[in-house]
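*Asks:* any chance you could fold what I've pasted below:
(2 chains)
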There are 2 protein chains.
Amino acid sequence: MSSATHDLGALLFTLVLILLVAKLAGELAERVGQTAVLGELSAGLVLGPSALALVHESDVLRFLGEIGVILLLFEIGLHSDLDELIQAGMQATLVAVVGVVAPFVLGYAIALAFGLPTLTAVFVGATLTATSVGITARVLADLGRLEDVSARIVLGAAVIDDILGLIILALLSGLAQTGRFSLDVLLWTLVTSVAFLSLALVLGVRLAPWLFRWVIRMRVRGVLIVYAVAFCLLLAAISEHLRLATIIGAFAAGLVLAKTDERAHIQELLHPTADLFVPVFFVTIGLKVQLGVFNPAQAGAGPLLLFTGLLAVAAVAGKLVSGLAIYQRGVARLPVGVGMIPRGEVA
Amino acid sequence: MSSATHDLGALLFTLVLILLVAKLAGELAERVGQTAVLGELSAGLVLGPSALALVHESDVLRFLGEIGVILLLFEIGLHSDLDELIQAGMQATLVAVVGVVAPFVLGYAIALAFGLPTLTAVFVGATLTATSVGITARVLADLGRLEDVSARIVLGAAVIDDILGLIILALLSGLAQTGRFSLDVLLWTLVTSVAFLSLALVLGVRLAPWLFRWVIRMRVRGVLIVYAVAFCLLLAAISEHLRLATIIGAFAAGLVLAKTDERAHIQELLHPTADLFVPVFFVTIGLKVQLGVFNPAQAGAGPLLLFTGLLAVAAVAGKLVSGLAIYQRGVARLPVGVGMIPRGEVA
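*Replies:* Numbering: from 1, shown residues only, chains lettered A, B, ... in the order given. Next up, the predicted model:
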């Protein structure tokens, strides 16, 4: 019935390998007191080109991983409270800004100290700010702390960080092409992100409950989960179309559907599907680790190691410092700083 | 965090469209007394190149559809009883053979009557035997009749039909290349299918309960659904590797896991994931409808229409006749014949 291609069999084997190893590594990580996500990332490292080279990136795998992180942020959104998130907004913004600026400055300084040209140093600094909302969110979920005040701040900061990261990326590609920073790009990204998020949330919170009251009156099988996920993918596609990250739309979709009567039911139905896809995302991230963005090949092995080591420290320290940006009383600073670290790790 | 490609956005939009329209069309079909799957197939037709041309085939879409039919057959397997299926075995084999031979002979005769050469007539006959276990199974599920005796016979026949279809396909490609039938190919496909199915079922039924008792003792989130689906994908990949269809492995995986203590739990977890993927399969099938295997362009529009019409009648009639192959008393012949029709329809 289906045309038998060798690609299909190979892809299925790859998927089996990813799922098996991800969960085994996750289990191992949990048994030694780490979070499962660390195991899944390592699974990608082990299976990827840096080690066993059993799994290679492909369009299909990349898409499945993307669905994974989209469903993860959708799920996190479903478990979050929009009002509380807005309350944490100012606080989160501050943490996000410090969490981007501190590693940038440290990376830039280290690169300059190693004698790299200014423009290269800017790029080195920028790579350290690279974010992964997915990993932050997943670590918080693994620790069972998604409901804490500090978790909300980290999560809010992570989303804002992602927007800041996109702005930096846009600025850098402009800089690389024209040699100067473009204010247009900065403003455009800022305006579209804010406009998209506000519109999606304001319209969504009004329309979704009405829409889903209609959906649950349909008779066909599986209509609730299909329409919930379609709604999530739609916002993800729109936010991708606006050159924002898909996960921003997915998170917004989760926040919106959390306001409907079907929240608990959708959460329950989404759970196993997310379980299947999320590991694929983390494994594909792990696969990429070897592929460095910059390659200071001119330096010898010794200095290179020192350079990389210092950058890793800078990435972690820069994120830790962001916890100090908390002014609210009674909120632990250290957990917030620690919560921001995983993003430095991936970069 | 993810590299923003235009492809990703377009793919997500496509997926949203497929899910939305599939469920709407399914709902419509149910309201007018048809099965939902007919609506989903029509959704593919409407979205595809024959009509609105909003959705085009792609590697990713094809893979998602393949996962859909794999999960569908896995689910059907989970709901089936291996022992009862074996009891229905002889009966099912007869139905399957008649269901392949009858439409083949009719198609061959019609093509000859229209003056097509013998070799072409053989291919026309063969296209009418093309099977779709997925559609048969789904129609039975939509009708809520998976537990009937006649349903078991249809299902068993459908799986055997799929193997027969593969044999015919292999024979035909040999015929097209060398001009004669190859007995080797016939024997090889027959032996590997029987060997694979027996081995998968015998080994699986012994090993799976032991394996899954170990799996449920793991602590990481989502391990049961991930390992159940990984097991299904593994058997699907192996059966693809042996040049059998993926769905044969998926169905066997379902039959095996139905024998474990976790059966009910796996069914429950699999349900929403299958709900998401299965429509993608049927829509992609609908997309293909326009792409005919043969194209008698030499004939005018009038005779072409008559020719197509007669073939459609032959396909349906050939499948209906297969119901007559039932010798067991007390089993309705008509439902079995009708159950075999959908496969003729798609061809």
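
*Asks:* now A:K259. Nearest residue, chain neighbours left out?
*Replies:* Leaving aside its sequence neighbours, A:K259 sits nearest to A:V205 (CB to CB, 6 or more residues apart in numbering or on different chains; 5.1 Å). Using the backbone N, CA and C atoms, a C-beta is placed for each residue, glycine as well.

*Asks:* so, low pLDDT: which residues of the stretch 101-250 of chain A?
*Replies:* For the stretch 101-250 of chain A, applying pLDDT under 70 flags the ranges A:127, A:129-134, A:145-147, A:162-163, A:165-167, A:169-182.

*Asks:* of all of it, which residue lies closest to chain B?
*Replies:* Relative to chain B, the nearest point of the stretch 101-250 of chain A is A:G222 (2.7 Å; CB to the nearest CB).

*Asks:* and the closest residue in space to that residue that isn't next to it in sequence, which of the three is it?
*Replies:* Spatially, and ignoring its direct neighbours in sequence, A:G222 is nearest to B:D275 (2.7 Å; CB to CB, 6+ apart). Classification of B:D275 using DSSP: H, G, I helix; E, B strand; the rest coil returns helix.

*Asks:* ok, now which ones touch B:D275?
*Replies:* A:R221, A:G222, A:I225, A:V226 (CB atoms under 8 Å, 6 or more residues apart in numbering or on different chains).

*Asks:* could I get those residues in a markdown table, plus columns for neighbour count and distance to B:E268?
*Replies:* Output for the contacts of B:D275, formatted as a markdown table (neighbours: other CB atoms under 10 Å in any protein chain shown; distance: CB to CB, whole Å):
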| residue | neighbour count | distance to B:E268 |
| --- | --- | --- |
| A:R221 | 19 | 14 |
| A:G222 | 21 | 13 |
| A:I225 | 22 | 13 |
| A:V226 | 26 | 17 |
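
*Asks:* thinking again about what came up before, the residue nearest to A:K259 sits in which helix or strand?
*Replies:* helix A:183-215 (DSSP states H and E).

*Asks:* one step back: what residues are up against the residue of the stretch 101-250 of chain A closest to chain B?
*Replies:* B:K23, B:H271, B:P272, B:A274, B:D275, B:L276, B:V278, B:P279.

*Asks:* which pair in those residues spans the largest distance?
*Replies:* B:K23 and B:H271 (15.3 Å; CB to CB).

*Asks:* if we can go back for a sec, tell me the pLDDT of the residue nearest to A:G222.
*Replies:* In this model, B:D275 is scored at 93, pLDDT.

*Asks:* could you measure from the nearest residue to A:T14 once chain neighbours are set aside over to A:L20?
*Replies:* Leaving aside its chain neighbours, A:T14 sits nearest to A:V55 (5.5 Å; criterion: CB to CB, 6+ apart). According to CB to CB, to the nearest Å, A:V55 stands 12 Å off from A:L20.

*Asks:* next one: A:V229
*Replies:* A:V229 is 25 Å from A:L20, by CB to CB.

*Asks:* show me the contacts for the closest residue in space to A:F231 that isn't next to it in sequence.
*Replies:* Closest residue to A:F231 apart from its sequence neighbours, by CB to CB, 6+ apart: A:A253 at 5.5 Å. Going by CB under 8 Å, 6+ apart, A:A253 touches A:F74, A:G77, A:A200, A:G204, A:F231, A:C232, A:L234, A:L235, A:A236.

*Asks:* ok, 7 Å please
*Replies:* Listed by CB atoms under 7 Å, 6 or more residues apart in numbering or on different chains, the contact partners of A:A253 are A:F74, A:G77, A:F231, A:C232, A:L235.

*Asks:* just A:R138 next, same as before
*Replies:* A:V37, A:L72.

*Asks:* do that again at 8 Å, thanks
*Replies:* Neighbours of A:R138 in contact, by CB under 8 Å, 6+ apart: A:T35, A:V37, A:L72, A:V278, A:F282.

*Asks:* go back to the residues you listed and keep what's next to chain B.
*Replies:* For chain B, the contacts drawn from these by CB under 8 Å from any CB of the partner chain are A:V278.

*Asks:* which parts of the stretch 201-347 of chain A sit against chain B?
*Replies:* A:218-223, A:225-227, A:229-230, A:233-234, A:236-237, A:240-241, A:243, A:245-247, A:269-276, A:278-279.

*Asks:* pLDDT wise, what is the residue nearest to A:L52 when sequence neighbours are not counted at?
*Replies:* Spatial nearest neighbour of A:L52, chain neighbours left out: A:V46 (6.0 Å); criterion: CB to CB, 6+ apart. In this prediction, A:V46 carries a pLDDT score of 86.

*Asks:* tell me which element A:V46 falls in.
*Replies:* Using DSSP H and E, A:V46 falls in helix A:36-47.

*Asks:* helices or strands up against that helix?
*Replies:* helix A:6-31, helix A:133-142, helix A:263-288 (3 or more CB pairs under 8 Å, 6 or more residues apart in numbering or on different chains; DSSP states H and E).

*Asks:* ok, residues contacting that helix?
*Replies:* Against helix A:36-47 from outside (CB under 8 Å, 6+ apart): A:17-18, A:21-22, A:24-30, A:51-52, A:54-55, A:135, A:138-139, A:142, A:279, A:282-289, A:342, A:346, B:220-221.

*Asks:* mind giving me the ChimeraX command for buried ones among those residues?
*Replies:* Selecting only the buried entries of these in ChimeraX, with 16 or more other CB atoms under 10 Å in any protein chain shown as the criterion:
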select /A:17,18,21,22,24,25,26,27,28,29,30,55,135,138,139,142,279,282,283,284,285,286,287,288,289,342,346 /B:220,221
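
*Asks:* who are the contact partners of A:V229?
*Replies:* Taking CB under 8 Å, 6+ apart, one finds A:L71, A:F74, A:L270, A:T273, B:L19, B:L276 in contact with A:V229.

*Asks:* from what I can see the fourth one touches A:L71, true?
*Replies:* Yes. The pair A:T273 / A:L71 is scored as a contact, 6.4 Å apart, by CB atoms under 8 Å.

*Asks:* if we can go back for a sec, how about the secondary structure of the residue nearest to A:T14?
*Replies:* From three-state DSSP, the assignment for A:V55 is coil.

*Asks:* what pLDDT does A:L311 get?
*Replies:* pLDDT, A:L311: 74.

*Asks:* that one: neighbour count?
*Replies:* By other CB atoms under 10 Å in any protein chain shown, 23 other residues sit near A:L311.

*Asks:* ranges for the strands of the stretch 201-347 of chain A?
*Replies:* With DSSP state E, counting those that start in this stretch as the definition, the stretch 201-347 of chain A shows no strands.

*Asks:* list the contacts for A:A200?
*Replies:* Per CB under 8 Å, 6+ apart, neighbours of A:A200: A:L235, A:I238, A:G249, A:A252, A:A253, A:V256.

*Asks:* how far away is the first one from A:A158?
*Replies:* By that I understand A:L235. 18 Å.

*Asks:* equivalent analysis for the second one, please.
*Replies:* Using CB to CB, one gets 20 Å for the distance from A:I238 to A:A158.

*Asks:* more neighbours, these two?
*Replies:* Neighbour count, other CB under 10 Å: between A:I238 and A:A158, A:A158 has more, with 29 against 22.

*Asks:* where's that one, which helix or strand?
*Replies:* Per DSSP H and E: helix A:149-178 holds A:A158.
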